[in-house]
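[1] the following comprises the amino acid sequence and a computationally predicted model.
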Amino acid sequence: MPRPEAAHRVKSYSAATGYVYQYYFYEVEKTRRGNLAGTEYVYMASVDRQRVFPVKVFVGKDALEKWSARTGQQLTGTEEYAIAKMRLFQAFDEIEDLAAKSPDLRADDSNLETLLAQLDL
């Protein structure tokens, strides 16, 4: 059965690269990247309001579990979504011509603490 079309709330983000991105959340799914389990958040983005491209952010389950074990706190689904969104913004700010590069964006052990600090968690 085809996925029903839903109205999307389009938002704007003025990136440090000079681009103003329009983006919206598209979907989320539990998945694996290699041998790592996690959740993939897919956003649709545009820099010209004509061509839309997907930007995928993988939030590693292992990194979240390590953080939870270290802090004794459990992250909610909303907080995990916020981590993915902060990683999306980081990519907007740092990667020139994001549409052409299709980078492998991850929230993992290497950047989770930084992303959580931006959220005051």
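    Structure's in. What do you need?
[2] helix/strand/coil for Glu65?
    Classification of Glu65 by DSSP: H, G, I helix; E, B strand; the rest coil places it in helix.
[3] how near is it to Thr71?
    Distance, Glu65 to Thr71, using Cβ to Cβ, to the nearest Å: 11 Å. (C-beta placed from N, C-alpha, C; glycine too.)
[4] the top strand by length along the chain packs against which elements?
    Looking across the chain with DSSP state E, the single longest strand is strand 20-33. Packing partners of strand 20-33 (3 or more Cβ pairs under 8 Å, 6 or more residues apart in numbering; DSSP states H and E): strand 11-14, strand 36-46, strand 53-60, helix 77-94.
[5] tell me which helix or strand of the protein sits lowest on mean pLDDT?
    In the chain, the helix or strand scored least confidently by mean pLDDT, DSSP states H and E is helix 98-101, which has a mean of 86.
[6] what's the next secondary structure element after it?
    strand 105-107 (DSSP states H and E).
[7] that following strand: partners in the sheet, and parallel or antiparallel?
    strand 53-60 (parallel) (DSSP bridges).
[8] so how far is the strand it pairs with off the chain centroid?
    5 Å (Cα atoms, centre = their mean, to the nearest Å).
[9] using CSV, list the CA coordinates for that strand.
    Provided in CSV are the C-alpha atoms of strand 53-60 (Å, rounded to 0.1, in the frame of the first residue of the first chain):
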residue,chain,number,x,y,z
PHE,A,53,16.7,16.3,-1.6
PRO,A,54,16.8,13.8,1.3
VAL,A,55,19.2,14.3,4.2
LYS,A,56,19.5,11.2,6.5
VAL,A,57,20.7,11.3,10.0
PHE,A,58,21.5,8.0,11.8
VAL,A,59,21.4,8.1,15.6
GLY,A,60,23.3,5.1,16.9
